[in-house]
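Asks: Model the following, please.
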Amino acid sequence: MGLDFSTAADLREAVAATGYLADDELATIAWLATRLHRPLLVEGEPGTGKTALAEALASACGVPLIRLQCHEGIDASQALYDWDFPRQILHLRAIEAVDGTRSLEDAESGLFDERFLVARPILRALREAPAVLLVDEIDRADDEFEAFLLEVLSTWQVSIPEFGTVRATTPPLVVLTSNRTREVHDALKRRCLYQWLEHPSLERELAIVRSRAPEVSEELAGQVVRVIQGIRTDRELLKPPGVAETLDWARALHELGVRDLDTESAAASLGVAVKYREDFDRVRAALDRLMAR
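Replies: Have a look, this model is predicted:
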């Protein structure tokens, strides 16, 4: 299929078929990213659907999803490529055993060819494009990694000293996500298109549950979504539940045989939706009020 949609509406319909319900604004900026070959930086609270957007785009387009999970201390070698040193050593030993007449230079020349190259996510995305490259939680990486990433996204190529230059024949669609634990540098932001994701409205979240968990009854889905929406209004929570937690909770209650959500069943299964002790205590104490909404 590829990354070619005639209109933003076409893209919205395609990702909706995968179960991801994008509004007009998000569909438009994602479509522009595919047309302009620009990376898309998506920021927002955890659980608002940033990673799921990249997954839905890859599925809708029928292209590979290649994920680079960022973390503190990540460097270019972890994102780009590495050499399979154990296989290289075995190769040298095999040459020594079979052909002891070859010179050192001849033996070394065969160490840096395709069979020993380990492609990490960015190199894979350049070579396998069209593809969706998800750079997840870029805010966890450091400044040096951002600078490296900016260069790659500007040229769509990387140079491997022992191997040569690898260029993308078709630029991958790059989706960068950030939970905004720190600010991404302006240089990288200027290279990207940008979208901030909020938690969905009650109506949209209910539509998501209907689409992604059709086995859950209409009544139970509505009750779960209303309680989740109420939980999120508590600004003192460490981590408000996201859409993934809404879906998990609705499915869990369905598996428990709950048809009408009550305080007892909500309290018994609350750990599906709330994952911090302090949040758990606050929400459990407020369940009667939340159920009455």
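Asks: Quick one: residues contacting V175.
Replies: V175 makes contact with 33, 39-40, 42, 50, 53-54, 57, 132-135, according to Cβ atoms under 8 Å, 6 or more residues apart in numbering. (Each C-beta comes from the backbone N, C-alpha and C, glycine too.)
Asks: and of these, the nearest to D234?
Replies: Nearest to D234, judged by Cβ to Cβ, of the contacts of V175 is K50 at 22.1 Å.
Asks: is V132 in a bridge, and if so with what?
Replies: Note on V132: beta-bridge partners L65, L173, judged by DSSP bridges.
Asks: Quick check: it touching R67?
Replies: No: taking Cβ atoms under 8 Å as the definition, V132 is not a contact partner of R67, at 9.0 Å.
Asks: Now list whatever residues contact both of the two.
Replies: By Cβ under 8 Å, 6+ apart, the residues touching both V132 and R67 are A54.
Asks: Give me the PyMOL select line for the contacts of V175, limited to the buried ones.
Replies: Remark: buried members of the contacts of V175, expressed as a PyMOL selection using 16 or more other Cβ atoms under 10 Å:
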select buried, resi 33+39+40+42+50+53+54+57+132+133+134+135
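Asks: For I208, state which of the contacts of V175 is nearest.
Replies: Out of the contacts of V175, the member with the shortest distance to I208 (by Cβ to Cβ) is L53, at 12.6 Å.
Asks: so the closest one, which of the three states?
Replies: helix (DSSP: H, G, I helix; E, B strand; the rest coil).
Asks: Contacts only, for it.
Replies: 15, 20, 22, 26, 30, 42, 175, 197.
Asks: A207 now?
Replies: Contact analysis of A207 by Cβ under 8 Å, 6+ apart lists L21.
Asks: How about D279, nearest residue that isn't a chain neighbour?
Replies: L237 (4.9 Å; Cβ to Cβ, 6 or more residues apart in numbering).
Asks: ah, wrong one, I meant D260
Replies: E219 (6.7 Å).
Asks: returning to that earlier point: T263: which of the contacts of L53 is nearest?
Replies: L197 (31.3 Å).
Asks: could you measure P86 against P161, distance?
Replies: 21 Å (Cβ to Cβ, to the nearest Å).
Asks: In terms of neighbours, single out the busier of these two.
Replies: More neighbours surround P86 than the other of P86 and P161, with 9 against 6 (other Cβ atoms under 10 Å).
Asks: Not counting stretch 212-221 itself, show me its contacts.
Replies: Taking Cβ under 8 Å, 6+ apart as the rule, stretch 212-221 contacts 19, 206, 209-210, 224, 247, 250-251, 253-254, 258-261.
Asks: swap that for stretch 186-199, please
Replies: Residues contacting stretch 186-199 (Cβ under 8 Å, 6+ apart): 25-26, 29-30, 32-33, 36, 38-45, 47-50, 53, 138, 146-147, 149-150, 153-154, 176, 205, 232, 240, 242-243.
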